[in-house]
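>>> Quick one, fold the following:
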Amino acid sequence: MTLLTRELIQELLSVNRPPCLSLYMSTHRSHPDNIQDPIRFKNLVKQLEKSLLKQYSAIRVKEFLEPFKTLGNNSEFWNHTLDGLAVLSTTELFKIIRLPIVVENQVVVADS
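Numbering: from 1, shown residues only. This is a model prediction of the structure:
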């Protein structure tokens, strides 16, 4: 897990290799509400996939999404969430940021 720091923001701003993938979602701190979080995460990853397939081959999309799919299947991770989650990824990095605030569920595929 990564904390949102000034250094992380600088690192993210220095990345210039598309695609830049962002996934934001609200999560739940405790059982039984957190049971649905991995399912909602996987649905958001499907939205990323759909968007990526408009520009990239299926093989490349699979490569881009592999870290997301690994995270989606990590049951230990989903047992220790806060109120929100941000996952930021490029071909150069993959950052998971647990957030102490609720965020709107959304995915973004961009060039920067």
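>>> buried stuff in stretch 5-25?
Using 16 or more other CB atoms under 10 Å as the test for burial, stretch 5-25 gives 12, 19-21, 23-25. (Glycine included, C-beta is placed from N, CA and C.)
>>> And that stretch, end to end?
Stretch 5-25 has an end-to-end distance of 19 Å (CA to CA, to the nearest Å).
>>> Run through who's touching it.
With CB atoms under 8 Å, 6 or more residues apart in numbering as the test, stretch 5-25 has contacts from 2, 37, 40-41, 44-45, 48, 52, 55-56, 64, 68, 84-93, 95, 97, 103-112.
>>> before we move on, the earlier item: among the buried residues of stretch 5-25, which one sits closest to residue 75?
Nearest to residue 75 among these: residue 25, at 16.8 Å, using CB to CB.
>>> For beta bridges, what are the partners of the one residue sitting closest to the centre of the chain?
In the chain, the residue lying closest to the centroid (CA atoms, centre = their mean) is residue 87, at 2.8 Å. According to DSSP bridges, the partner residues bridging residue 87 are residue 23, residue 96.
>>> Isn't it up against residue 96?
Yes. The pair residue 87 and residue 96 passes the contact test of CB atoms under 8 Å, sitting 5.5 Å apart.
>>> From residue 17, how far out is the residue of the chain positioned farthest from its centre?
Farthest-out residue of the chain from its mean C-alpha position, per CA atoms, centre = their mean: residue 32, at 22.1 Å. According to CB to CB, to the nearest Å, residue 32 and residue 17 sit 40 Å apart.
>>> same question, residue 75
31 Å.
>>> same check, this time on residue 9
Counting by CB to CB - residue 9 and residue 17 are separated by 17 Å.
>>> got the contact list for residue 84?
24-27, 98-103.
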